[in-house]
Every structure is written in C-alpha cells, then in structure tokens.
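Asker: Got a predicted structure here, sequence first:
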Amino acid sequence: MSALDYKNSRVQDLRRLLGRRSSRYDEGVFVVEGPVLVAEAVRAGWRVDAQFVPEGSDAAIDGAGSVYELRSGVLERVASTAAPQPPIAIVGMPEVGDVHERLLAASLVVALDRVSDPGNLGTILRSAEAAGADLVVLTPGGVDPYNSKVVRSSAGALFNVPVVVAELDELRTAGLRLIGSSSHDTDGRTVHPHTDIDLTGRVAIVMGNEAAGLPDEWDDAAGPIREWVTIPHHGRTESLNVAMATTVLAFEAARQRS
C-alpha cells in the first residue's frame, strides 16, 4: 500500500470510528478532536496512534502519534463538529483490567444505570473527577463513553477518571454501600435529604436513566439498593437533570469527606 493509500484508509478509519460504536470496540480505538483534548490524552499517558492536520498546518501535538496532512476541506468533512480545530487523533482505549479488583480498591464511586445522553455522561465525568471520585461505573446498555460528544463534553475528564462497565450487584459484592437517587417518595421507601445521609466510607452514588430513573422495585429485599437520597428543591420543577443532580451529590460526598 502506498503512503497516499494508507493515509486515505486512515481517513476512512476516522469516519467509521466516529459513526459506529461497534467499530470502536472491534478495534479498541476512538477519535479525539481538538488540540486541548489531544494534548490531555497525551499528558494522561493514553496511547495516541495517529493525528490528522490540514496541509501546511503546525497544529500537530508532540507525542500524539504519526502526523498525516489532509487537503483543504477534508478535516471539516470528517470531523463530528461544524468547525473542527486540528488535530483529530485516533486514541487507544485503556486496558480496564479486573473490574472486581477496581471496585474493591474504590472508595467513592459514581454509578450510572443506563444513562443514555452523551452530553450528560460527559458532564458527569467532569463532576466526578472534580469531586475526587475514584471510579465511574456504567451499567450495560448505557451510552458509549467513547462517543465523540461524550469525549468533547467531558473536557478531558475521560482521560483522568477510570470508567468501567458493571452490574450494580457487582458493586454490592465488592462491599460498596449503594445509595440510590430519587426525586420522589414511594410507598415503603425512606428517602433522606442529601445533606442528611452519610456519604463517607466506601460509597456508590447510583443515578438512573434520564427518562425512567431507577426502578422502584430496586429497594425491595432482593434489590441492589438499600438507601435512598433526594435533593430537596423549590419551585415547579419535578426533578433535576441527571448530570446536575450527580454534581450536587458528588460534591456533597466530597464535602463530607473533607
């Protein structure tokens, strides 16, 4: 394969990786766009395989893999944003290792059950990192953490707080207290204001799907959650956005731990 053919094949890689979750996981790589995020991936020690810049550009990042120059307009056609800033890079997914061992080592965990909006997940990653969480856990069926919108909205937090996929029962098996979030009371469920519940020790703050929340039956004898928390608020709004609520709870946990 000629150098030009190889470059063209890598451009096709970018399009495929941006568009298909299955391609990202089949190849173990994803796309990072923009100088700030690419530089953060390098700084955090993630493997960067290749970077793409416009012809004649000085936008390449030191340590971000081989540099491929693209003709005028190609970057704009490939990128996921309307006005992309070079470089665009292909980055390797990290080795997760033994998930159970990671859970055993964690003290403060943010667990997300089937959260589906990439912007919400990106914001939650920022909040989790800022609050000092050791781990973010996604249950199966949620949004892909390597979705391009998640990567952008995490503002680099993706590279600095570990993300794993696990069922909630695995967290409980690892000895974490699971504290579920709820916007309302249900029959038989005791829900505590978020400032009145102990968020120290080994805790997993569990947040639900944007539309469905956490299942009501999860607080029965066989369910994974034993304690429930709510964020009191005024006005007509029934509940906070999941990213906002997670931020409030994560920083309350950080406050108590300080």
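Answerer: Arrived safely, thanks for sending.
Asker: ranges for the strands of the stretch 1-150 of the chain?
Answerer: Under the criterion DSSP state E, counting those that start in this stretch, the stretch 1-150 of the chain carries strands at the ranges 29-33, 48-54, 66-70, 88-92, 108-112, 135-138.
Asker: oh, I was asking about the stretch 151-258 of the chain
Answerer: Here the stretch 151-258 of the chain has its strands, by DSSP E, counting those that start in this stretch, at 163-165, 177-181, 191-193, 203-207, 227-230.
Asker: Residues in contact with the last one: which ones?
Answerer: Just to be clear, that refers to strand 227-230. By C-beta atoms under 8 Å, 6 or more residues apart in numbering, the surrounding residues in contact with strand 227-230 are 177-185, 189-194, 197, 219, 249. All C-beta atoms are positioned from the backbone trio N, CA, C, and that covers glycine.
Asker: Dump the strands of the stretch 1-150 of the chain to a markdown table, plus distance to Leu121, mean neighbour count and mean pLDDT.
Answerer: Below are the strands of the stretch 1-150 of the chain laid out as a markdown table (distance: least, C-beta to C-beta, whole Å; neighbours: other C-beta atoms under 10 Å; pLDDT from 0 to 100):
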| stretch | distance to Leu121 | mean neighbour count | mean pLDDT |
| --- | --- | --- | --- |
| strand 29-33 | 14 | 24 | 97 |
| strand 48-54 | 22 | 21 | 94 |
| strand 66-70 | 29 | 17 | 91 |
| strand 88-92 | 17 | 24 | 96 |
| strand 108-112 | 7 | 26 | 98 |
| strand 135-138 | 8 | 24 | 98 |
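Asker: Arg15 is nearest to which of these?
Answerer: Proximity to Arg15, assessed across those by C-beta to C-beta, is greatest for strand 29-33 (9.3 Å).
Asker: so what secondary structure elements neighbour the closest one?
Answerer: helix 3-19, strand 88-92, helix 148-153 (3 or more C-beta pairs under 8 Å, 6 or more residues apart in numbering; DSSP states H and E).
Asker: Which stretch among those is buried most, on average?
Answerer: Ranked by average neighbour count under the criterion mean count of other C-beta atoms under 10 Å, those are headed by strand 88-92 at a mean of 24.
Asker: which non-adjacent residue is nearest Glu69?
Answerer: Leaving aside its chain neighbours, Glu69 sits nearest to Glu55 (4.6 Å; criterion: C-beta to C-beta, 6 or more residues apart in numbering).
Asker: Was I right to think the one you found contacts Ser72?
Answerer: Yes - because the distance of 6.8 Å satisfies C-beta atoms under 8 Å, Glu55 is recorded as touching Ser72.
Asker: still on that earlier bit, how about a markdown table for the helices and strands packed on strand 29-33, with distance to Val29 added?
Answerer: Conversion of those to a markdown table gives the following (distance: least, C-beta to C-beta, whole Å):
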| stretch | distance to Val29 |
| --- | --- |
| helix 3-19 | 6 |
| strand 88-92 | 5 |
| helix 148-153 | 12 |
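Asker: Out of those, flag the one nearest Ser116.
Answerer: Among these, if distance is taken as C-beta to C-beta, the winner is helix 148-153, at 11.2 Å.
Asker: What lies in contact with that closest one?
Answerer: The contact list for helix 148-153, computed with C-beta under 8 Å, 6+ apart, reads 18, 30-34, 37, 80-81, 118-119, 121-123, 125-126, 143-144, 158.
Asker: Report the distance from that helix to the chain centre.
Answerer: Counting by C-alpha atoms, centre = their mean, to the nearest Å, helix 148-153 is centred 9 Å from the centre of its parent chain.
Asker: With stretch 111-120 instead?
Answerer: 8 Å.
Asker: Not counting that stretch itself, show me its contacts.
Answerer: 121, 124, 136-139, 141-144, 147-150, 153, 168, 171, 178, 204-210, 212, 214, 241-243, 246.
Asker: re earlier: from the contacts of helix 148-153, which land in helices?
Answerer: Mapping the contacts of helix 148-153 onto helices (DSSP state H) picks out Leu18, Leu37, Pro118, Gly119, Leu121, Gly122, Thr123, Leu125, Arg126.
Asker: So which of these is the closest to Val91?
Answerer: Set against Val91, the nearest of the ones in helices among the contacts of helix 148-153 by C-beta to C-beta is Leu37 (9.1 Å).
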